[in-house]
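Participant: build me a model:
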Amino acid sequence: MRRLLFASALCCASLAHAQSPIDYAEAKARADADEASLPAAAASAMRDAQGAALDAAIAGCATPTADTSPFVVVAELDATGKVVRTWREGSTPLAICVQKQIAGSALSAPPRAPFFTSFELSFTR
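Facilitator: From the prediction side, this is the model:
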């Protein structure tokens, strides 16, 4: 029982750490720098492919009409496009759901790994 409690506490601590403002700010800065360093055509093609995955993630979430807050999800990808880690800015149910959907998916393979990418989403209903 003690081992289970320790594992649960460790898991919660690591999740809280991954959502800290400092971690998010660093990941967002890396996402911006990574995308800016790509040739325009490569960045555009990758964003189009990732946009399709993001559309699928949003479609998998309920979008309450009251949930109009903009939010950002940042994802770290490995060489295959598998999402290794995510951060989010915003605590609305939609933001949390989209982050979970993205965390369990594979986006387009990045030109190098690790690669950070961000999705800035705004809903105006």
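Participant: residues contacting residue 97?
Facilitator: By Cβ atoms under 8 Å, 6 or more residues apart in numbering, the residues touching residue 97 are 60, 61, 62. C-beta here means a position set from N, CA and C on the backbone, and glycine is covered the same way.
Participant: secondary structure element for it, which one?
Facilitator: In the assignment (DSSP states H and E), residue 97 maps to helix 93-103.
Participant: between the contacts of residue 97, which is closest to residue 45?
Facilitator: For the contacts of residue 97, the residue nearest residue 45 by Cβ to Cβ is residue 60; the value is 23.9 Å.
Participant: tell me which element the closest residue to residue 103 other than its chain neighbours falls in.
Facilitator: Distance criterion Cβ to Cβ, 6 or more residues apart in numbering; nearest residue to residue 103, sequence neighbours excluded, is residue 86 at 4.7 Å. Using DSSP H and E, residue 86 sits within strand 83-89.
Participant: cool, residue 43 as well?
Facilitator: Element membership of residue 43, judged by DSSP H and E, is helix 40-59.
Participant: need the residues that contact that helix.
Facilitator: Residues outside helix 40-59 that contact it (Cβ under 8 Å, 6+ apart) are 35, 38, 98, 101-102, 105-108, 110-111, 117, 119, 121.
Participant: fine by me, thanks again.
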